[in-house]
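Student: Please work out how this folds:
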Amino acid sequence: MKERMPGLVAILLLGLLVLGTWWASDYALQSIQVDPPRRLTHERDSWSEPFVMVRSDARGQAINRLEGKAMEHFPDTDSYEIDQPRAVGHQAGSPVTVGTADHGVLDQKGERIVLTGNAHLQRLATPESQLLDVRSEQLIIEPEHDLVHTDQPAVVIHGASTLRGTGMRYDNRTRQLTVTAASNVRISGEDQAARTSGHKDSQP
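Tutor: Here you go, the predicted model:
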(Lines give C-alpha, C1' and ligand atoms only; values in the text may rest on other atoms or scores of the structure.)
Protein backbone atom coordinates (compact mmCIF):
# COMPACT_ATOMS: atom_id res chain seq x y z
CA MET A 1 0.00 0.00 0.00
CA LYS A 2 2.83 2.38 0.84
CA GLU A 3 4.28 1.77 -2.60
CA ARG A 4 0.99 2.92 -4.25
CA MET A 5 0.56 6.09 -2.19
CA PRO A 6 2.84 8.31 -4.33
CA GLY A 7 1.02 7.22 -7.50
CA LEU A 8 -2.41 7.83 -5.98
CA VAL A 9 -1.33 11.26 -4.73
CA ALA A 10 0.01 12.15 -8.19
CA ILE A 11 -3.26 11.08 -9.85
CA LEU A 12 -5.26 13.09 -7.30
CA LEU A 13 -3.13 16.19 -7.82
CA LEU A 14 -3.43 15.81 -11.60
CA GLY A 15 -7.22 15.55 -11.34
CA LEU A 16 -7.35 18.66 -9.16
CA LEU A 17 -5.16 20.48 -11.68
CA VAL A 18 -7.47 19.53 -14.57
CA LEU A 19 -10.59 20.61 -12.63
CA GLY A 20 -8.93 23.89 -11.65
CA THR A 21 -7.90 24.63 -15.22
CA TRP A 22 -11.41 23.85 -16.52
CA TRP A 23 -13.00 26.12 -13.88
CA ALA A 24 -10.60 28.98 -14.64
CA SER A 25 -11.24 28.69 -18.38
CA ASP A 26 -15.02 28.63 -17.95
CA TYR A 27 -14.91 31.60 -15.59
CA ALA A 28 -12.82 33.60 -18.04
CA LEU A 29 -15.19 32.83 -20.94
CA GLN A 30 -18.21 33.97 -18.91
CA SER A 31 -16.53 37.12 -17.65
CA ILE A 32 -14.95 38.40 -20.86
CA GLN A 33 -16.53 38.67 -24.35
CA VAL A 34 -14.06 37.00 -26.65
CA ASP A 35 -15.67 38.40 -29.83
CA PRO A 36 -17.92 41.33 -28.89
CA PRO A 37 -20.52 42.22 -31.54
CA ARG A 38 -19.45 44.88 -34.00
CA ARG A 39 -20.93 48.29 -33.19
CA LEU A 40 -22.27 49.91 -36.34
CA THR A 41 -21.78 53.65 -36.58
CA HIS A 42 -22.49 56.04 -39.41
CA GLU A 43 -18.98 55.78 -40.81
CA ARG A 44 -18.28 54.97 -44.43
CA ASP A 45 -16.68 51.64 -45.25
CA SER A 46 -16.21 52.20 -48.99
CA TRP A 47 -16.20 55.14 -51.38
CA SER A 48 -15.53 56.13 -54.95
CA GLU A 49 -15.18 59.30 -57.02
CA PRO A 50 -16.52 59.47 -59.62
CA PHE A 51 -18.67 56.36 -60.02
CA VAL A 52 -21.22 54.68 -62.31
CA MET A 53 -23.72 51.93 -61.42
CA VAL A 54 -25.66 50.15 -64.17
CA ARG A 55 -28.62 47.81 -63.62
CA SER A 56 -29.73 45.43 -66.36
CA ASP A 57 -32.78 43.25 -66.97
CA ALA A 58 -32.93 39.48 -67.42
CA ARG A 59 -31.82 39.85 -71.04
CA GLY A 60 -28.74 41.81 -70.05
CA GLN A 61 -30.00 45.14 -71.39
CA ALA A 62 -29.26 48.24 -69.29
CA ILE A 63 -32.47 49.72 -67.85
CA ASN A 64 -31.12 52.01 -65.11
CA ARG A 65 -27.93 54.02 -64.75
CA LEU A 66 -26.84 55.92 -61.65
CA GLU A 67 -23.73 58.06 -61.61
CA GLY A 68 -22.30 60.86 -59.53
CA LYS A 69 -19.30 62.98 -58.64
CA ALA A 70 -18.65 60.90 -55.50
CA MET A 71 -20.21 57.99 -53.60
CA GLU A 72 -19.91 56.76 -50.00
CA HIS A 73 -21.39 53.57 -48.54
CA PHE A 74 -22.52 53.44 -44.90
CA PRO A 75 -22.98 49.95 -43.38
CA ASP A 76 -25.29 51.02 -40.52
CA THR A 77 -28.03 52.00 -43.00
CA ASP A 78 -26.73 49.95 -45.95
CA SER A 79 -27.13 53.06 -48.09
CA TYR A 80 -25.08 54.95 -50.64
CA GLU A 81 -24.80 58.73 -50.32
CA ILE A 82 -24.09 60.41 -53.65
CA ASP A 83 -22.77 63.85 -54.54
CA GLN A 84 -24.40 65.39 -57.64
CA PRO A 85 -26.30 62.24 -58.68
CA ARG A 86 -27.69 61.61 -62.15
CA ALA A 87 -30.23 58.80 -62.49
CA VAL A 88 -31.29 57.61 -65.96
CA GLY A 89 -34.20 55.22 -66.48
CA HIS A 90 -34.52 53.44 -69.82
CA GLN A 91 -37.00 50.61 -69.39
CA ALA A 92 -38.44 48.88 -72.42
CA GLY A 93 -41.69 50.44 -73.61
CA SER A 94 -41.27 53.60 -71.52
CA PRO A 95 -39.79 57.03 -72.30
CA VAL A 96 -36.33 57.83 -70.98
CA THR A 97 -36.24 59.70 -67.66
CA VAL A 98 -33.30 61.69 -66.28
CA GLY A 99 -33.15 62.81 -62.65
CA THR A 100 -30.52 65.09 -61.10
CA ALA A 101 -29.99 66.85 -57.75
CA ASP A 102 -27.34 68.24 -55.42
CA HIS A 103 -27.42 65.14 -53.23
CA GLY A 104 -28.80 61.64 -53.46
CA VAL A 105 -29.27 58.50 -51.36
CA LEU A 106 -29.61 55.00 -52.77
CA ASP A 107 -31.16 52.66 -50.19
CA GLN A 108 -33.67 49.84 -49.65
CA LYS A 109 -31.33 47.48 -51.49
CA GLY A 110 -31.31 49.67 -54.56
CA GLU A 111 -35.09 50.00 -54.81
CA ARG A 112 -35.20 53.72 -53.93
CA ILE A 113 -33.26 56.82 -54.96
CA VAL A 114 -33.91 59.98 -52.94
CA LEU A 115 -32.87 63.16 -54.76
CA THR A 116 -32.54 66.20 -52.50
CA GLY A 117 -31.67 69.82 -53.23
CA ASN A 118 -32.67 71.27 -56.61
CA ALA A 119 -34.20 67.93 -57.53
CA HIS A 120 -35.06 67.85 -61.22
CA LEU A 121 -36.63 65.09 -63.33
CA GLN A 122 -37.23 65.14 -67.07
CA ARG A 123 -39.17 62.63 -69.08
CA LEU A 124 -37.70 63.09 -72.50
CA ALA A 125 -39.98 63.81 -75.43
CA THR A 126 -41.01 61.02 -77.81
CA PRO A 127 -43.10 61.01 -81.02
CA GLU A 128 -46.12 60.17 -78.81
CA SER A 129 -45.48 62.46 -75.82
CA GLN A 130 -44.11 65.90 -75.02
CA LEU A 131 -41.30 66.71 -72.63
CA LEU A 132 -42.34 66.46 -68.98
CA ASP A 133 -40.30 68.57 -66.54
CA VAL A 134 -40.62 68.21 -62.74
CA ARG A 135 -38.81 70.30 -60.12
CA SER A 136 -38.96 70.04 -56.34
CA GLU A 137 -36.73 70.19 -53.28
CA GLN A 138 -36.98 66.40 -53.04
CA LEU A 139 -37.95 63.68 -55.51
CA ILE A 140 -38.08 59.95 -54.79
CA ILE A 141 -37.46 57.55 -57.66
CA GLU A 142 -38.43 53.87 -57.56
CA PRO A 143 -36.46 52.39 -60.50
CA GLU A 144 -38.06 48.94 -60.26
CA HIS A 145 -41.56 50.37 -60.74
CA ASP A 146 -40.55 53.31 -62.98
CA LEU A 147 -42.16 55.76 -60.52
CA VAL A 148 -41.25 59.19 -59.18
CA HIS A 149 -43.08 60.95 -56.35
CA THR A 150 -42.77 63.57 -53.65
CA ASP A 151 -44.84 64.89 -50.76
CA GLN A 152 -43.30 68.35 -51.07
CA PRO A 153 -44.21 71.33 -53.31
CA ALA A 154 -43.44 70.66 -56.96
CA VAL A 155 -43.63 72.44 -60.30
CA VAL A 156 -44.58 70.34 -63.31
CA ILE A 157 -44.23 71.61 -66.88
CA HIS A 158 -45.79 69.53 -69.63
CA GLY A 159 -45.50 71.06 -73.05
CA ALA A 160 -46.95 74.56 -72.71
CA SER A 161 -48.90 73.70 -69.53
CA THR A 162 -47.71 74.39 -65.99
CA LEU A 163 -48.94 72.84 -62.76
CA ARG A 164 -47.90 73.83 -59.24
CA GLY A 165 -48.93 71.79 -56.25
CA THR A 166 -47.96 69.80 -53.18
CA GLY A 167 -47.59 66.04 -53.40
CA MET A 168 -46.90 64.60 -56.85
CA ARG A 169 -46.75 61.08 -58.32
CA TYR A 170 -45.78 60.17 -61.88
CA ASP A 171 -45.99 56.64 -63.30
CA ASN A 172 -43.76 56.45 -66.36
CA ARG A 173 -45.28 53.15 -67.48
CA THR A 174 -48.83 54.47 -67.71
CA ARG A 175 -47.78 58.15 -68.27
CA GLN A 176 -50.20 59.13 -65.48
CA LEU A 177 -49.43 62.24 -63.43
CA THR A 178 -51.24 62.90 -60.14
CA VAL A 179 -50.93 65.97 -57.92
CA THR A 180 -52.44 65.73 -54.45
CA ALA A 181 -53.10 69.45 -53.86
CA ALA A 182 -52.79 71.69 -56.89
CA SER A 183 -52.55 75.40 -56.15
CA ASN A 184 -52.00 76.76 -59.66
CA VAL A 185 -52.84 75.01 -62.93
CA ARG A 186 -52.43 76.45 -66.41
CA ILE A 187 -53.29 74.06 -69.26
CA SER A 188 -52.58 75.29 -72.77
CA GLY A 189 -55.05 74.92 -75.62
CA GLU A 190 -52.78 72.43 -77.37
CA ASP A 191 -52.62 70.15 -74.35
CA GLN A 192 -56.37 70.40 -73.84
CA ALA A 193 -56.92 69.39 -77.45
CA ALA A 194 -54.50 66.49 -77.07
CA ARG A 195 -56.38 65.21 -74.03
CA THR A 196 -59.69 65.48 -75.84
CA SER A 197 -58.36 63.57 -78.84
CA GLY A 198 -57.10 60.69 -76.65
CA HIS A 199 -53.42 61.59 -76.34
CA LYS A 200 -51.50 58.97 -74.34
CA ASP A 201 -50.31 61.41 -71.69
CA SER A 202 -52.66 61.80 -68.75
CA GLN A 203 -52.95 64.77 -66.39
CA PRO A 204 -55.01 65.30 -63.23
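Student: Would you check that Val148 makes contact with Arg173?
Tutor: No - counting by Cβ atoms under 8 Å, Val148 does not reach Arg173; the two are 11.6 Å apart. For the C-beta atoms, the positions are set from N, CA and C on the backbone; glycine is no exception.
Student: Same drill for those two, tell me which one is more crowded.
Tutor: Between Val148 and Arg173, counted using other Cβ atoms under 10 Å, Val148 has the larger neighbour count: 28 against 12.
Student: For that one, pull up the helix or strand it's in.
Tutor: Secondary structure from DSSP states H and E places Val148 in strand 147-158.
Student: go on, Ser25?
Tutor: Counting by DSSP H and E, Ser25 is part of helix 5-31.
Student: Would you mind identifying the next helix or strand past that helix?
Tutor: Under the assignment DSSP H and E, the closest C-terminal helix or strand after helix 5-31 is strand 46-48.
Student: Now do that following strand: everything it contacts.
Tutor: Ala70, Met71, Glu72, His73 (Cβ atoms under 8 Å, 6 or more residues apart in numbering).
Student: Go again with 6 Å.
Tutor: Contacts to strand 46-48, defined as Cβ atoms under 6 Å, 6 or more residues apart in numbering, come from residues Met71, Glu72, His73.
Student: Can you list the buried residues in the next helix or strand after it?
Tutor: Downstream of strand 46-48, the next assigned helix or strand under DSSP H and E is strand 51-56. Neighbour-count burial for strand 51-56, counted by 16 or more other Cβ atoms under 10 Å, picks out Phe51, Met53.
Student: what pairs with strand 51-56, and is each one parallel or antiparallel?
Tutor: Taking DSSP bridges as the criterion, strand 51-56 forms sheet pairs with strand 62-68 (antiparallel).
Student: ok so, going back, other SSEs contacting the strand holding Val148?
Tutor: If contacts are counted by 3 or more Cβ pairs under 6 Å, 6 or more residues apart in numbering; DSSP states H and E, strand 147-158 sits against strand 132-142, strand 161-171.
Student: Including mean pLDDT and mean neighbour count, could those go into TSV?
Tutor: Below are the helices and strands packed on strand 147-158 laid out as TSV (pLDDT from 0 to 100; neighbours: other Cβ atoms under 10 Å):
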stretch	mean pLDDT	mean neighbour count
strand 132-142	96	20
strand 161-171	92	19
